[in-house]
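Visitor: Okay, structure incoming, though there's no sequence with it:
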C-alpha cells in the first residue's frame, strides 16, 4: 500500500484568551507505516473538548501540554488500515488518542476496539467515551446522589452535562439543568427528561435556583465555574456535594480566574467540593459500558452529538464553538468515512 | 441566698467590619433564680472565638444570629451556685453556653460536668473544648492524614491550629504551620513540635510553601481563608484534602468575600475541599476526651491559653485581639474566681 498524505493540525503558538487562527499551523506529510507494535489508523471522527484549551497552555496540569509544533492532541475513532501488532487487524474500529490528523500511527495497546454495531461511532466519543465516563463516575463515584435528591448540572446541554442529567434521572433524582438559550433548555427538558431548565442567558441564576430548588441543592455537578458555581454554592443544602468537573467559563480568561466567593457555604452546610478527572477511572471504563449500553437500549439514555463536517481543516474554527456555547450535545468533527 | 448582680454584655447593633464599642451595651440585673430543671452558674472563664463575628451578623448560617438586645452568646466554664435539677449540685464545675455575663441561669441538661483535677479549667475551653474537638474531628474524621503525609495548618498559633498541628504530629505527619510573627512561629516549632513555620507577615507564602512542602500538600487545614487558602491550593498534592474550618481573614470583610481563585487545583489534583462544623460531632465529643487527656498526660499535646483579665467589661476589646492576631493560643476571658 502506498502511504496516503496525512494532513495534520499542529500547535503553532500558545494562545492568550480564545485560540486564534494563527495559533495553528496545518502541515502535511506521508502517513507513517506502522513499525512492530503499532497500527496505522484512518481517522473518522475526532472529539472536540473544552479540556483542549488547557492542553494548549503550558500551565502545570494533570497532563503534559501539547508541545509547540506537535500535532494537536485529540481523542477519536477510526479504522485500522494496517497493523503490525497481533491485537488488531485491518478493518477493526478503534478509539483512542488519534490527534488532529487524517492518519494516526499509534501503539496498538493505546487503543480500544469499539463495536460499530452496538452504537454509532460518534457515541464512542460521547456517552460511551470520555464525556459519558466523566458523567458516570462523577455522579456514581464522587457525588453519589440518592433517589429524591436535587441534582443541579451546569453546561447541561453539553456532552458531560447531558449524560450526567440523564443518569441522575435514572437514579431517581430531581434534575435541574443550567444551559444557555431556549433551544438547549427545551432539549434537556422536553427530550432528555430533565425536570427543569434554567436559561442563564435570560434568567437570574439566584432566583431561578431558589425557585427550582426550594429545599436546596444536594448535588451540584459543575462544568462551567465562574458565577454559575457561585450561585449554586449559595443554594447548597446540608451535606451537599459539589463535583468540579470543568470550568469552561474560565478556560480562556486572560485576567485572574474568578474564585467562588461563596465557598464558605461549604462550611455553613458541611458540604464538600471535589475535583474529578475521568482518566483516573480508566481501569473501570469497561465496568460502566454495559450499564450505559443497557440504558441506551432501554431508551433512558440518549447520546446526542453535534457533528461538524469539513475534516481536520475545520478544526480551529469548530473548536471555538465550545467556548461560544454554539454546540448542543457532544461536539464531534467528522474527518472521513470508513 | 440573695441574688447577686449580674453584669451582661448585650448586642446593641450589627457591626459593619470590625465590631465597634457602640455595637455592645453593658446591662445589669439581678441574677435569675433557677426554676425546675435549671441551675444558676457563676461564670469563671469565657471562650472568645472567631465564630462570634458570624453570630453577630444576620446572614443565614449554621446557627441563629444573636438577636439585638440579647446577651452575647459565648461558651464558658463556671461553678454551680444553685441547682433545681437532680443532675447537678452546688459546687459542680460545668461547661456550656453561659454567654457574656457573670451569672448564667441555664438548663442543667445543656451543661457538661468537667473535672478541675483532670485539667485546668481553661483547658475545657481549649483542647478539651470546642477548638480541640474541631481539630480532632477535622483531622481524624474529615482530612484523615496518613503517617508521612505533609499537613499544612493556617492560623497555626490559634486555638484550633495549635491542637490540629500537635495531633497531626502524633499521627506521624510532617506539619507546617502558618502564623503571623516570629513569636508565634517560634512557639509552634520550638515548643509545640511543628516541623516548620511560615511567618506570613514576613515571608511570601508561595515560595515558602514550595520550600517546606517539596512534594506538595496532602492535607491543608484552613482557619483563615483569603490569600492563604489560595497559596495552599496552588501547592496541593494529588488527592489532597482541604478542610475548611474557618476563614478569619474574611469575617470582617466589608467588601465581597475573596473566593479561592486557585480552586481548579481541586480538579487538576483530584482533591477535595470540605467544610466542617464541630457541633455536628457533639455526640462524639466524649469519645475524643480520653485520647486528648492521655496525649496531654504524655506531654504530647499542650493546651495553651491566652488569658485576658478584666471580667465581662473587657469582652468587647478582648474580642478584637482575635482579628488582629494578637492572641497566642486560645483566647480566654477570665471573669471570676470560684
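Guide: Okay, I see it. Predicted, not measured: the structure shown is a model, and the values here were computed from it.
Visitor: near chain B, which residues of the stretch 151-300 of chain A?
Guide: Proximity of the stretch 151-300 of chain A to chain B (Cβ under 8 Å from any Cβ of the partner chain) is limited to residues A:225, A:230, A:244-247, A:250, A:256-277, A:280. Yep, even glycine has a C-beta here, placed from its N, CA and C like the rest.
Visitor: and if we set it to 6 Å?
Guide: Applying Cβ under 6 Å from any Cβ of the partner chain, we find that the stretch 151-300 of chain A lies next to chain B at A:244, A:247, A:256-257, A:259-261, A:263-264, A:266-268, A:270-275, A:277.
Visitor: likewise the stretch 1-150 of chain A?
Guide: Counting by Cβ under 6 Å from any Cβ, the stretch 1-150 of chain A sits next to chain B at A:61-62.
Visitor: Could I get the full set of strands for the stretch 1-150 of chain A?
Guide: A:5-11, A:24-30, A:38-47, A:75-83, A:93-97, A:103-107, A:112-113, A:150-154 (DSSP state E, counting those that start in this stretch).
Visitor: Show me what the last one is packed up against.
Guide: For strand A:150-154, the contact count by 3 or more Cβ pairs under 6 Å, 6 or more residues apart in numbering or on different chains; DSSP states H and E identifies helix A:159-170, strand A:174-179, strand A:217-222 as packing neighbours.
Visitor: Please tabulate the ones you listed in TSV, including the columns mean pLDDT, mean neighbour count and distance to residue B:326.
Guide: Shown next, in TSV, are those (pLDDT from 0 to 100; neighbours: other Cβ atoms under 10 Å in any protein chain shown; distance: least, Cβ to Cβ, whole Å):
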stretch	mean pLDDT	mean neighbour count	distance to residue B:326
helix A:159-170	97	28	48
strand A:174-179	98	28	45
strand A:217-222	98	28	39
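Visitor: For burial, what's the neighbour tally of the residue of the stretch 201-338 of chain A found nearest chain B?
Guide: Ranked by Cβ to the nearest Cβ, the top residue of the stretch 201-338 of chain A for proximity to chain B is residue A:259, at 3.1 Å. Neighbour count for residue A:259, taken as other Cβ atoms under 10 Å in any protein chain shown: 23.
Visitor: can you pull the pLDDT of it?
Guide: For residue A:259, the pLDDT comes out at 88.
Visitor: Please apply the same query to the one 5 residues further on.
Guide: With respect to pLDDT, residue A:264 has a value of 91.
Visitor: The residue nearest to the spatial centre of chain A: what's its closest spatial neighbour, skipping adjacent residues?
Guide: Nearest to the mean C-alpha position of chain A, counting by Cα atoms, centre = their mean, stands residue A:131 at 4.0 Å. Distances taken as Cβ to Cβ, 6 or more residues apart in numbering or on different chains place residue A:159 nearest to residue A:131, at 3.6 Å, with adjacent residues excluded.
Visitor: go on, residue A:335?
Guide: Closest residue in space to residue A:335, ignoring its immediate chain neighbours: residue A:43 at 4.7 Å, by Cβ to Cβ, 6+ apart.
Visitor: Confirm for me that the residue nearest to residue A:131 is in contact with residue A:330.
Guide: Yes: contact criterion Cβ atoms under 6 Å: residue A:159 and residue A:330 qualify, at 3.6 Å.
Visitor: How is chain A partitioned into domains?
Guide: As assigned by automatic domain parsing, chain A contains the domains A:5-126+A:304-334, A:130-279.
Visitor: chain center to the last one: distance?
Guide: Going back to what we said before, that points to domain A:130-279. 15 Å (Cα atoms, centre = their mean, to the nearest Å).
Visitor: what do you get for the first one?
Guide: If you compare the mean C-alpha spot of domain A:5-126+A:304-334 with that of the full chain, they lie 13 Å apart, counting by Cα atoms, centre = their mean.
Visitor: From chain B, how far out is the nearest residue to residue A:116 once chain neighbours are set aside?
Guide: Counting by Cβ to Cβ, 6+ apart, residue A:93 is the residue found nearest to residue A:116 once chain neighbours are left out, at 5.2 Å. Distance of residue A:93 to chain B, given as Cβ to the nearest Cβ, to the nearest Å: 31 Å.
Visitor: Residue A:229: what secondary structure?
Guide: At residue A:229 the chain is in helix, as set by DSSP: H, G, I helix; E, B strand; the rest coil.
Visitor: per-residue confidence at it?
Guide: 95.
Visitor: what do you get for residue A:206?
Guide: 97.
Visitor: Look up the closest residue to it, ignoring the ones flanking it.
Guide: residue A:231 (5.5 Å).
Visitor: starting at the chain centroid, how far to stretch A:329-338?
Guide: 14 Å.
Visitor: which parts of it are buried?
Guide: Using 16 or more other Cβ atoms under 10 Å in any protein chain shown as the test for burial, stretch A:329-338 gives A:329-335.
Visitor: From the rest of the structure, what touches that stretch?
Guide: For stretch A:329-338, the surrounding residues in contact (Cβ atoms under 6 Å, 6 or more residues apart in numbering or on different chains) are A:43-46, A:48, A:79, A:122, A:125-126, A:131, A:159, A:162, A:304-309, A:311, A:315, A:318, A:322.
Visitor: any chance of the helices and strands packed on strand A:150-154 in JSON lines, plus distance to residue A:102?
Guide: Below are those laid out as JSON lines (distance: least, Cβ to Cβ, whole Å):
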{"stretch": "helix A:159-170", "distance to residue A:102": "23"}
{"stretch": "strand A:174-179", "distance to residue A:102": "33"}
{"stretch": "strand A:217-222", "distance to residue A:102": "35"}
